[in-house]
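Student: got a predicted structure plus its sequence, pasted below:
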Amino acid sequence: MCAYLKLEFESFDKTLTLAKKCWTDSEGRVNFGAHQGRWWGVLLILTSLSFTTLTSVIAMTDTPTTMDLKLAQWLQNFDQKTWIELLRFASYLTDKPAGPSVFVAIVLALWLGRLRVEAILLVLAQNLYFVQLSVKQIVQRPRPTADLISIYEISDGFAFPSTHTTMGIALYGTLVIIALARLERGQLRNVVVLASCVILILATISRPTLGAHWPSDAVGSLLLGGVWMLMITKLYVGMRQPSGFPELMRRLSRN
């Protein structure tokens, strides 16, 4: 039995090592183009269908679902002041003026650091704003009210999807892609990826906890952001290919 388990472990370890070699270079940078065709289309279809289904359900209902109400009330049970302030801070980092300020700072840093294709990619990723705005106008879901849950943050406009979450994904999600693709394995990359993920997770949790959105608004934002990140990843792979690349971007990529 022990010999069998040892053999299975060695086989798994070899498979994992081979996968790492296929997906990363010698410095640990992720190659998003490796075997992308095998998983990209499947993920895109599944995520798109999930988002479309959720959007259709929400658009056809005038009142929040029982699950939405119970989950929002459960999240608001954790109402310690420190926790609420932490969520407020994460939400602040995905909202005006902090979010746009972070965006401008990162774009400038990438451009000055000669990662100009990445700077352009980050700018293009922000077009998610117009996509989520269009969905809001189509669905026109009202925001939570004080007679149903506690309202810690008063927001205007429609609820579905959450602008904070979608734009947080457009900024910090794209930053994770860039960090994995361009930074060598080490402390700097770990800090960038971890900080971006923590901000996104807390910002997503903050929306229903602060009473600005229903939990399904946050879930829909994650699905829409997931579809967008898959498209941005595909675009990024194409932008880094020398063939078929516009002359201007080819020059920028070589600088």
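Tutor: Nice, thanks for sending it over. Numbering: from 1, shown residues only.
Student: when you work out contacts or count neighbours from here on, use the C-alpha atoms and nothing else.
Tutor: Will do.
Student: mind checking how far I201 is from P142?
Tutor: As defined by CA to CA, to the nearest Å, I201 lies at a distance of 23 Å from P142.
Student: also D79?
Tutor: Distance, D79 to P142, using CA to CA: 24 Å.
Student: which one's more surrounded, those two?
Tutor: Taking D79 and P142 together and counting by other CA atoms under 10 Å, P142 has the greater number of neighbours (17 against 12).
Student: that one against A159, yeah?
Tutor: Yes - in terms of CA atoms under 8 Å, P142 counts as a neighbour of A159; the distance is 5.7 Å.
Student: what helices or strands is the helix or strand that A105 is a member of leaning on?
Tutor: Under the criterion of DSSP states H and E, A105 resides in helix 98-112. Contact analysis of helix 98-112 by 3 or more CA pairs under 8 Å, 6 or more residues apart in numbering; DSSP states H and E lists helix 116-125 as its packing neighbours.
Student: export the helix it packs on as PDB, just CAs?
Tutor: The C-alpha trace of helix 116-125 is given here as PDB (Å, rounded to 0.1, in the frame of the first residue of the first chain):
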ATOM      1  CA  ARG A 116       3.600  50.100 -22.300                       C
ATOM      2  CA  VAL A 117       1.500  47.200 -23.700                       C
ATOM      3  CA  GLU A 118       0.400  46.500 -20.100                       C
ATOM      4  CA  ALA A 119      -0.400  50.200 -19.600                       C
ATOM      5  CA  ILE A 120      -2.600  50.200 -22.700                       C
ATOM      6  CA  LEU A 121      -4.200  46.900 -21.500                       C
ATOM      7  CA  LEU A 122      -5.100  48.400 -18.200                       C
ATOM      8  CA  VAL A 123      -6.700  51.400 -19.900                       C
ATOM      9  CA  LEU A 124      -8.700  49.200 -22.200                       C
ATOM     10  CA  ALA A 125      -9.900  47.100 -19.300                       C
END
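Student: what is the burial count for L93?
Tutor: Other residues within reach of L93 by the criterion other CA under 10 Å amount to 20.
Student: thought it was touching G99?
Tutor: Yes - contact criterion CA under 8 Å: L93 and G99 qualify, at 5.1 Å.
Student: retrieve the pLDDT associated with T174.
Tutor: According to the per-residue confidence, T174 scores 94 in pLDDT.
Student: part of a strand, is P161?
Tutor: No - counting by DSSP: H, G, I helix; E, B strand; the rest coil, P161 falls outside a strand, being coil.
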